[in-house]
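K.L.:
the following comprises the amino acid sequence and a computationally predicted model.
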Amino acid sequence: MFQDRRLGLALLAPATLFIILGFLLPVAILLSGAFQTPTGWGISSFTEFFAKPLHREVFWRTFRLGLYVTAISAVIGYAVALSIVDASDKGKGRLIATLVLPLMISPVARTYAWVVILGKTGIVNQFLTGAGILDTPARILFSETAIFIGLIQLFFPLMVLPLISALENLPRDVVPAARMLGANWLQVFWKVILPLTREGLVVGGTLVFVGSLTAYVTPAILGGSKVLMLETLLYQRVSVANDFAAAGVIAIILIAMSIITNFVLKRLATARKGGK
Amino acid sequence: MRLLLSASLLGLVATSAAAADKTLTISVYGISQDAYKEALYTPFEAKCGCKLVVEMGNSSERLAKLEANKAKPVVDVIAYSDANALEAAGKDLIQPVDPAKLPNLADAYEFARDPVGGNMAVGYTFYGTSIVYDSDVIDGVGSWLDLFGDKLKGQVALPNVSTTQGPLALQMIETALGSDDPKFAKAIDLVADHRDDIVTFYEKGGQIPQLMQQGEIAASVIGRFGWANLLKTVPSARWATPKEGQSGGMNVLSIVKGAHDPDLAHQFIDYWLSAEVQQKLAEGQVDSPVNQKVTVSDEIAEGLTYGPEMATAIKFLPAKSMLENRDAWLEAWNAKVAQ
């Protein structure tokens, strides 16, 4: 666009400077706290962090819940995305609008709605006791189940939207062709649809997993301090214990988990492609 | 003539500059600032002809700031908890107040006059901490151990150890278990044994009214400052008076070491302790008064920790114990309860 490349670079400079000074530098200073030891530099903050059973448990819980949320979102997401792609143009618009609507509501409001729904006198327990499935209301709030439900609802659209776009790019004839060649629906999905839409799955999977790892409001309200996650633990370390070293360690773990997930999922997608 | 005029003009400028120079920087909790402005800040500015600069934030944040600015203090007077004051004294961040310069201190409850020793702080407000329960669900709560009884099983929310109320609840549970161990070992063990029966360990007292209204909990432990709000949301809620007594806490004022104008700082503290200001803050249900001359109606008193009977019944957790054992409580709690 520009004859002189320097002009382009000059236009980029203010934004770059802002990112460096306003984001990268402060983050680097904050995270470097995790590598500071009383005698200099080292990784003792990390070993100390993982030496505590509570921290190990919180780490695994965060990882496990992220994985569950991603897997279940993918399974239900494919079903929803397939039916949306299959709908008429008008129906498609309405379905997508319904899907996106929750994204426009604040996570705090959505999560508080779950407090009411999942509570002892909420509709879930009213149904369970009314239908005779349970004698007394179940304790759902302040449990891993509550966090899981909240996270699924929060991030589900982020899985479906990339899947819809991937399915729309699927060549129209491949499914009928596979069927005519004798494949059953499961084989069609597993051998045709899944390989051809895996990029959508990688994008959706990364968004959902990383989102689940870093969400704060949902675990804080639905889990409380009884079911700590890495992000609620981070907040506790900073606000209560003024322990910035541990907070830095948690932040680094979260960033590393996000980058590794993206890398692994991308690798999985390209490996399959290359294998063909 | 002209010379005279300019000289007097110069003089005028100098005096107004001096008046503007007379400022007092205070560091306070960020809550109810509108009420403080009306009852305390604006009247004081009018009285002293000075300017108040108000810094706000939670106490640990403000204490950290005080420490960072130790060589060149910015703040003159700081409001925080008694345990914070003891910590600040230990770090040589504050200087003693001179009781002779605080005539209103004589009207304060005995426990508020020198709560951390060495005249390092004076109490300006205090609160009781006790059990609250829903009288629609349970008839009454007579002991701190009732929180772990069969009647309340699966219906109790306790404050997390990291909150201000957490250690106060543990203190009373330990007392109820017949022990005076400052490490609260027995209390923490008891909570750990009943971990699955406790609905949640709350971090913000503001959650409690909602949880009780929804029938999620039937009892909890809160500070008296949250009581008016709970009663408004849950009219069937009751403030229990357990046989072991109630716990409580105190907020205090200190003068920062190297304060620019210690006399002005004393004036400000004395004004805050005056019956006039404490009355206004009590009527607004902002702070429970330490000044014994304050009188309020029963309706207002319901939202406060008020009166000598309630005040003397409170078993304050000593600031020293808080400071010395906090890490041990956190560690034991994380190892046994938080898992």
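P.N.:
Everything's here; your move.

K.L.:
which residues of chain A lie near chain B?
P.N.:
Contact residues (C-beta under 8 Å from any C-beta of the partner chain) of chain A with chain B: A:52-54, A:57, A:115-116, A:119-122, A:139, A:141-142, A:220, A:224-226, A:228, A:236, A:239-242. C-beta coordinates here come from the backbone N, C-alpha and C atoms, glycine included.

K.L.:
just the buried subset of those, please.
P.N.:
A:54, A:115, A:119-120, A:122, A:139, A:141-142, A:220, A:224-226, A:228, A:236, A:240 (16 or more other C-beta atoms under 10 Å in any protein chain shown).

K.L.:
residues near residue 249, how many?
P.N.:
By default, I'm working from chain A. Residues near A:V249, counting by other C-beta atoms under 10 Å in any protein chain shown, number 26.

K.L.:
could you do chain B instead?
P.N.:
Taking other C-beta under 10 Å as the criterion, the count of residues near B:G249 is 26.

K.L.:
what pairs with it across the strands?
P.N.:
When bridges are called by DSSP bridges, B:G249 pairs up with B:Y127.

K.L.:
just to revisit the earlier point, okay, and which of the buried ones among the residues of chain A next to chain B map to helices?
P.N.:
Among those, the ones falling in helices (DSSP state H) are A:54, A:115, A:236.

K.L.:
around chain A, pick out the residues from chain B.
P.N.:
Counting by C-beta under 8 Å from any C-beta, chain B comes close to chain A at B:58, B:60, B:64, B:154, B:160, B:162, B:195, B:198-203, B:210, B:214-216, B:330, B:334-335, B:338-339.

K.L.:
do you know how far the closest residue in space to A:I43 that isn't next to it in sequence is from A:H55?
P.N.:
What sits nearest to A:I43 in space, not counting adjacent residues and going by C-beta to C-beta, 6 or more residues apart in numbering or on different chains, is A:F35, at 6.7 Å. Using C-beta to C-beta, to the nearest Å, A:F35 is found at 17 Å from A:H55.

K.L.:
what do you get for A:G66?
P.N.:
17 Å.

K.L.:
ok, A:T136 next?
P.N.:
In terms of C-beta to C-beta, A:T136 sits 35 Å off from A:H55.

K.L.:
for A:A246, same thing?
P.N.:
In terms of C-beta to C-beta, A:A246 sits 8 Å off from A:H55.

K.L.:
over to A:A220?
P.N.:
Plainly put, A:A220 is 18 Å away from A:H55 if you go by C-beta to C-beta.

K.L.:
so who does B:A169 touch?
P.N.:
B:129, B:144, B:158-159, B:221, B:247 (C-beta atoms under 8 Å, 6 or more residues apart in numbering or on different chains).

K.L.:
ok, B:A185 next?
P.N.:
B:A185 neighbours (C-beta under 8 Å, 6+ apart): B:179, B:332.

K.L.:
can I get whichever strand or helix holds A:A109 as PDB, trimmed to CA atoms?
P.N.:
Of the helices and strands defined by DSSP states H and E, A:A109 is found in helix A:107-118. Listed next in PDB are the C-alpha coordinates belonging to helix A:107-118 (Å, rounded to 0.1, in the frame of the first residue of the first chain):
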ATOM      1  CA  PRO A 107     -21.300 -13.500  32.900                       C
ATOM      2  CA  VAL A 108     -22.100 -12.300  36.500                       C
ATOM      3  CA  ALA A 109     -25.800 -12.100  35.700                       C
ATOM      4  CA  ARG A 110     -25.800 -15.500  34.000                       C
ATOM      5  CA  THR A 111     -23.900 -17.100  36.900                       C
ATOM      6  CA  TYR A 112     -26.200 -15.600  39.500                       C
ATOM      7  CA  ALA A 113     -29.100 -17.100  37.500                       C
ATOM      8  CA  TRP A 114     -27.500 -20.500  38.100                       C
ATOM      9  CA  VAL A 115     -27.400 -19.800  41.800                       C
ATOM     10  CA  VAL A 116     -31.100 -19.500  41.700                       C
ATOM     11  CA  ILE A 117     -31.700 -22.400  39.300                       C
ATOM     12  CA  LEU A 118     -29.400 -24.900  41.100                       C
END
